[in-house]
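[1] Dropping the sequence and predicted coords here.
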Amino acid sequence: MKLRDVSKQLYFDYGWKMPDGLRDARERDSTNYSLAEWQQTKRIGENPKLTKAAFQECWAVSDSRNAFTQALKENGYILARGNRRGYVAVDYYGEVYSLSRWTGLKTKQLKDRLEKPEALQSIDDAKSNIARRMTKKLWEHIKKTRKSAEKGKELLLRKKHALTKQHRETR
């Protein structure tokens, strides 16, 4: 609080234009993030501002747990029961996001809409479900890649045989 007051005084003393969020706390940017949030998203190479906005948008477009779960799923997250916090989201990297922190809501607001956290799957279950789905998709991609490699190999072998034949005829 003291540092905020000092910074306000500096703005007044030098006649600088004060940021809206400093002038009135209600006008702060809701997608501002803390150092911990920035570090969490940078570990996986994501943009923290976009991540926070995605969580807030999921909350805004939903009116029930099912709608919120579906909105999270569309953005690549799974709703789960946290170990220390009631509600968390897990992404396909296995990173755990506290919903109260990332949405900017109080736990009571989350409980009102999402009901009991005990009914949700645990973080470990969510991670294993993600791993199972990803493994299935990876095998599909591997099969497609192998098929395309076989086609490419056949084409290259035909070209090789044609060149060999041409070289023999030339000799």
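    Looks like it arrived, so ask away.
[2] Now the one helix or strand L110 maps to - C-alpha only, CSV.
    L110 belongs to helix 107-114 when assigned by DSSP states H and E. Extracted C-alpha coordinates of helix 107-114, given in CSV (Å, rounded to 0.1, in the frame of the first residue of the first chain):
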residue,chain,number,x,y,z
THR,A,107,-13.6,-20.0,-4.1
LYS,A,108,-17.2,-19.4,-3.0
GLN,A,109,-18.1,-18.2,-6.5
LEU,A,110,-16.6,-21.3,-8.0
LYS,A,111,-18.4,-23.6,-5.5
ASP,A,112,-21.7,-22.0,-6.3
ARG,A,113,-21.5,-22.8,-10.0
LEU,A,114,-19.4,-25.9,-10.0
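[3] Tell me how far it lies from the chain's centre.
    22 Å (CA atoms, centre = their mean, to the nearest Å).
[4] hmm, who's touching the helix or strand bottoming out on mean pLDDT in the chain?
    Ranked by mean pLDDT, DSSP states H and E, the weakest helix or strand in the chain is helix 20-23, scoring a mean of 79. For helix 20-23, the surrounding residues in contact (CB atoms under 8 Å, 6 or more residues apart in numbering) are R4, S7, K8, Y11, E27, R28, D29, N32. Quick note: C-beta positions are derived from backbone N, CA and C, even for glycine.
[5] Tabulate the residues you listed (TSV), appending neighbour count, distance to Q109 and pLDDT.
    Below are these laid out as TSV (neighbours: other CB atoms under 10 Å; distance: CB to CB, whole Å; pLDDT from 0 to 100):
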residue	neighbour count	distance to Q109	pLDDT
R4	10	26	84
S7	13	30	88
K8	13	30	87
Y11	14	33	89
E27	11	21	72
R28	14	18	71
D29	11	20	70
N32	12	19	78
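[6] a markdown table for these, including distance to M18?
    Below are those laid out as a markdown table (distance: CB to CB, whole Å):
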| residue | distance to M18 |
| --- | --- |
| R4 | 11 |
| S7 | 9 |
| K8 | 7 |
| Y11 | 4 |
| E27 | 11 |
| R28 | 13 |
| D29 | 14 |
| N32 | 16 |
